[in-house]
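Q: have a look at this prediction, sequence included:
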Amino acid sequence: MVRLLRPLVRGRTYTRLLHMWVPVAGISVWWWIEPELPWVPLLVLVPVGLFPAVRVAEVMQARLLLTPDEPEPDFASRPATAWRDRWRTVLWLGIRTLLGGVVAYATVWLPIVAYALAARTVGHETGDLPEPSGPPHWVYVLLAPLPLVALYAVVVGLGEVLTAAARRLLGPSVAERLAAVEERTEQLLERTRIARELHDSIGHALTVAVVQAGAARAANSPEFTDRALTAIEETGRAALEDLERVLGVLRGSERPASARPTLTDADRLLESARASGAEVDAEVTGPLETLPGPISREGYRILQEALTNVLRHAGAVPARVRVAAADGLLTLEVRNPLPDDGSVPGRGSGLRGMRERAALLGGRAHTGPDGAGDWRVRVELPLG
């Protein structure tokens, strides 16, 4: 019994009643002006429902009045651009108006009937009911609550029916759900890419700065210290540019961010590694300036991370760098002797980031000892 009466103390029962009353309030004005043409407002619903923005307004009302206690009801968030969605809005307006008319009629006349029955229990006659044919007054005592029970059933029941119809007709279509999933996926991929960008750029700059500072202290030479400070300055400036570009993306800044570096800027990475004390033997072949933008940009980041790992894990050691673009394939290879302690950088996020970048571009990344005492990073990216 308590469960049946619980809707009477819930606010959404009365907000749903208000939601069903709203369209009838407007239509009743027309019925008062032109009672001989009651069907005209129903025809107006068709062109009104075909406007894309109407669904947004209906969704707003449904969220506020039909599902006020749900934090994120499953309703569409965009105007109805497809014709199928527009006709769904038209159907929704028709159902809302029809159910609203039923509820409006019930909320007006059922209480009147209940009052008339209650009045007859005490012997008062009203013009709202047919004249009695002779039943005793105590019968009306049993009949008086029935209109109120029917009113309760109409208000609560049709409120649930209208809410279910709203979820069905005002909810996102299959195409809209797929678009939302794709948009969410793109956002997650963009966040992952930004995280990799920050890791590669800032990690490289910090590694160069630490290695240069340590080497300058050990060398105890003003000339070497000057070169080390120059390398730290140049690397830090490049990292600040990358950081500003990434923060611009996160802020959604309208001004254009600086262009992302490509493999045509590889000399900057090589000189930075050399300035840090590493002996870099580089060989670059092929038309790097004609590489596709994504390939060239991701190739730069892969080379940057590979050189960063050399400095971070092996220090100032000889490193061989090969960059070749030929036969529809970009090949990046970085070799360096393994550290004296035998440790290998096989668990860092940098290596995982290189493999992820290569996989996203349809390529392959191989990292690990090559059996000859060297650590090798070899990445192959298709240019097609």
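A: Thanks, I have it.
Q: CA only for contacts and neighbour counts going forward, please
A: Fine.
Q: what distance do you get for Val59 to Ala104?
A: Per Cα to Cα, to the nearest Å, Val59 is found 22 Å from Ala104.
Q: and the two? which has more neighbours close in?
A: Higher neighbour count among Val59 and Ala104: Val59, with 25 against 19, using other Cα atoms under 10 Å.
Q: in which helix or strand would I find that one?
A: Secondary structure assignment for Val59, by DSSP states H and E: helix 52-61.
Q: can you tell me the SS state at Asn336?
A: strand (DSSP: H, G, I helix; E, B strand; the rest coil).
Q: please enumerate the strands of the chain.
A: With DSSP state E as the criterion, the chain has strands at 279-285, 318-326, 329-337, 364-369, 374-382.
Q: which residues does Arg143 contact?
A: For the record, residue 143 is Leu, not Arg. Leu117 (Cα atoms under 8 Å, 6 or more residues apart in numbering).
Q: ok, it to Val108 distance?
A: 18 Å.
Q: same check on Val56?
A: Taking Cα to Cα, one finds Val56 at 31 Å from Val108.
Q: looking at those two, which is more packed in?
A: Counted by other Cα under 10 Å, Val56 and Val108 do not tie: Val56 has more neighbours, with 19 against 11.
Q: which non-adjacent residue is nearest that one?
A: Pro79 (5.6 Å; Cα to Cα, 6 or more residues apart in numbering).
Q: need the contact list for Ala118.
A: Neighbours of Ala118 in contact, by Cα under 8 Å, 6+ apart: 140-141, 144.
Q: how about Gly159?
A: With contact set as Cα under 8 Å, 6+ apart, Gly159 has these partners: 13, 16-17, 20, 66.
Q: those residues: which two are farthest apart?
A: The span of the contacts of Gly159, defined through Cα to Cα, is set by Thr13 and Met20 at 10.9 Å.
Q: counting neighbours, go ahead and name the busier of these two.
A: For Thr13 and Met20, the more surrounded residue by other Cα under 10 Å is Met20, and the numbers stand at 26 against 21.
Q: now the residue nearest to the more buried one when sequence neighbours are not counted: how far from Leu18?
A: The shortest distance from Met20 to any residue other than its chain neighbours is 4.3 Å, reached at Gly100 (Cα to Cα, 6+ apart). Noted for Gly100: a distance of 9 Å to Leu18, by Cα to Cα.
Q: so those two - more neighbours on which side?
A: More crowded of Gly100 and Leu18, by other Cα under 10 Å: Gly100, with 25 against 15.
Q: what mean pLDDT does stretch 295-311 get?
A: In this model, stretch 295-311 carries a mean pLDDT of 84.
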